[in-house]
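have a look at this prediction, sequence included:
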Amino acid sequence: MNELRDAANIDSATSIAAVREAFEREFERFARLAERGEALSLREIEEAGRELGELKARYTGRKSPLAALKKQIGRVAAEERAAFGQRVQRLEAELSERLEAAERALRDAGARKRIELERLDVTLPGRRPRRGHLHPITLLRQRMEDIFVAMGYAVEDGPEIETDFYNFDALNIPSAHPARSAQDTFYTTDGLALRTQTSPVQIHAMQRRRPPLRIIAPGKVFRRDTPDATHNPMFFQIEGLLVDRHATMAHLKGTIAEFVRRMFGPHTRTRFRPSYFPFTEPSAEVDYSCFVCDGRGCRVCKGAGWIELGGSGMVHPNVLRAVEIDPEEFSGFAFGLGIDRMCALMYGLDDIRLLYENDVRFLEQFA
Ligand SMILES: [Zn+2]
């Protein structure tokens, strides 16, 4: 009987030591983590806390070795029972104390970490939003608009996708005209095309406003050009139109001459060369004296002394008829100027494509 009791005692003592040893082995990692505390990331701290909870359940829960030892107390020989019970209690106290200490350390480290992460340091310099500025083409367009608005012109807008009627027919461009070629024009479905010029806005404006009227229409136009240093499939024009009683070629010349003087300086001269456009008659190409050399010839004007401004002319009677304006009563003039090339010349760009690449390093120069 005694022998049996002894065996049970020895067994119980071994069990207590074995449980403690196993706990020490597993707990060591958490003791270290708890010590390192704030050196850990919040995620590591939370992960450790979760795993520590699992360890606690395994060693002190209902199905734990500690619970088994407690049940064993009643089976130990009466004279050994008190001593064994005390040892089990000591083990229990020791385990829960160490577990609690580690839990507390991790909880505190987590709380400090959270505060640190959420703290707003008002002394740190803010991240400034990068300040943008207008594109050089926009800047130039606005300057041109200002000049015409000061001369009594209204700024008109029009669609970039046009019907045959507005882009061609109403502008006296019959269906066999080469300007309609698929080589020159971006057609979409249903006979619509990206406008090849800002001139269709003339038609919209005349339909809407009725004469007398003075408008300019800046905007994007599209041609099937292969991009190179002086061409791009999308570029900017400004269209001008005046319709009134007794408007003459002299008014056209005076208006353009005034525009270039305000744009490039009071000494700027203009030159009109006869030309052909379907929607004007007579038609003329306009040049202005070079703003760099004043006509003597330089690199900018390629030695010519003159720079091309654009096309112009008296509105063709057929165009007036297309919008039911009587050409016997009203006459008008129109002109179209390219903004991009003027921009490239004024800023000394040797490649017009720089204007469309949206490279901030390039565009920043125009702030
Ligand atoms: Zn020049």
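Done, it's in. Numbering: from 1, shown residues only.

quick one, what contacts Ala179?
Phe168, Ile173, Thr185, Thr196, Pro278 (CB atoms under 8 Å, 6 or more residues apart in numbering). In this view, the C-beta of every residue, glycine as well, is placed from N, C-alpha and C.

which parts of the stretch 251-367 of the chain sit against the ion?
Counting by CB under 5 Å from the ion, the stretch 251-367 of the chain comes close to the ion at Cys290, Val292, Cys293, Cys298, Val300, Cys301.

so what pLDDT did Ile45 get?
The model reports Ile45 with a pLDDT of 90.

tell me which element the closest residue in space to Phe333 that isn't next to it in sequence is part of?
Using CB to CB, 6 or more residues apart in numbering and skipping residues adjacent in sequence, the residue nearest Phe333 is Leu252, 3.8 Å away. Using DSSP states H and E, Leu252 sits in helix 249-264.

and that helix, what does it pack onto?
helix 136-150, strand 234-244, strand 270-277, strand 280-289, strand 306-315, strand 331-338 (3 or more CB pairs under 8 Å, 6 or more residues apart in numbering; DSSP states H and E).

which positions within it qualify as buried?
His251, Leu252, Lys253, Thr255, Ile256, Ala257, Phe259, Val260, Arg261, Arg262, Met263, Phe264 (16 or more other CB atoms under 10 Å).

and those, which is closest to the ion?
Phe264 (11.2 Å; CB to the ion).

go ahead and confirm that closest one touches Tyr288.
Yes: between Phe264 and Tyr288 a contact is recorded at 6.6 Å, counting by CB atoms under 8 Å.

residue boundaries of the strands in the stretch 101-250 of the chain?
For the stretch 101-250 of the chain, strands defined by DSSP state E, counting those that start in this stretch occupy the ranges 154-155, 161-162, 193-194, 213-222, 234-244.

the inter-axis angle of the longest one versus helix 249-264?
Translated: strand 234-244. 140 degrees (axes from the mean of the first three to the mean of the last three CA atoms, to 10 degrees).

take strand 234-244, keep the C-alpha atoms, and write them as PDB.
Coordinates of the C-alpha atoms in strand 234-244 are reproduced here as PDB (Å, rounded to 0.1, in the frame of the first residue of the first chain):
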ATOM      1  CA  MET A 234      -4.300  67.700 -83.100                       C
ATOM      2  CA  PHE A 235      -3.600  71.300 -83.000                       C
ATOM      3  CA  PHE A 236      -5.100  74.700 -82.000                       C
ATOM      4  CA  GLN A 237      -6.600  77.400 -84.200                       C
ATOM      5  CA  ILE A 238      -8.400  80.600 -83.600                       C
ATOM      6  CA  GLU A 239     -11.100  81.400 -86.100                       C
ATOM      7  CA  GLY A 240     -12.400  85.000 -86.600                       C
ATOM      8  CA  LEU A 241     -15.600  86.100 -88.300                       C
ATOM      9  CA  LEU A 242     -17.200  89.400 -88.800                       C
ATOM     10  CA  VAL A 243     -20.500  89.800 -90.700                       C
ATOM     11  CA  ASP A 244     -22.100  93.200 -91.100                       C
END
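
within its sheet, name the partner strands of it and how each one runs.
strand 213-222 (antiparallel), strand 331-338 (antiparallel) (DSSP bridges).

okay, the ones you listed, which one's buried deepest?
strand 331-338 (a mean of 23; mean count of other CB atoms under 10 Å).

what is the mean pLDDT for it?
Mean predicted lDDT for strand 331-338 stands at 96.

leaving out chain neighbours, which residue sits closest to whatever residue of the stretch 1-150 of the chain ends up closest to the ion?
Here the stretch 1-150 of the chain gets closest to the ion at one residue, Leu140, 18.7 Å apart by CB to the ion. Spatial nearest neighbour of Leu140, chain neighbours left out: Cys343 (4.9 Å); criterion: CB to CB, 6+ apart.

next, the one you found: secondary structure please.
Using DSSP: H, G, I helix; E, B strand; the rest coil, the structure places Cys343 in helix.

run through the bridge partners of Phe222.
Met234.

isn't it right next to Thr188, touching?
No: with contact defined as CB under 8 Å, Phe222 does not count as touching Thr188 (10.6 Å).

shared neighbours of these two, anything?
Leu194.

which stretches of the stretch 151-300 of the chain have low pLDDT?
182-183 (pLDDT under 70).

nearest to the ion: which residue in it?
Closest point on the stretch 151-300 of the chain to the ion, by CB to the ion, is Cys290, at 2.9 Å.

state the phi and psi torsions of that residue.
phi -60, psi 130 (degrees, to the nearest 10).

show the model's pLDDT score for the nearest residue to it once chain neighbours are set aside.
Spatial nearest neighbour of Cys290, chain neighbours left out: Cys301 (3.8 Å); criterion: CB to CB, 6+ apart. pLDDT for Cys301: 92.

start the count at 890, not 1, going forward
Fine by me, first position is 890 from now on; the one you just mentioned is Cys1190.

which ones are touching Cys1190?
Cys1179, Val1181, Cys1182, Ile1196.
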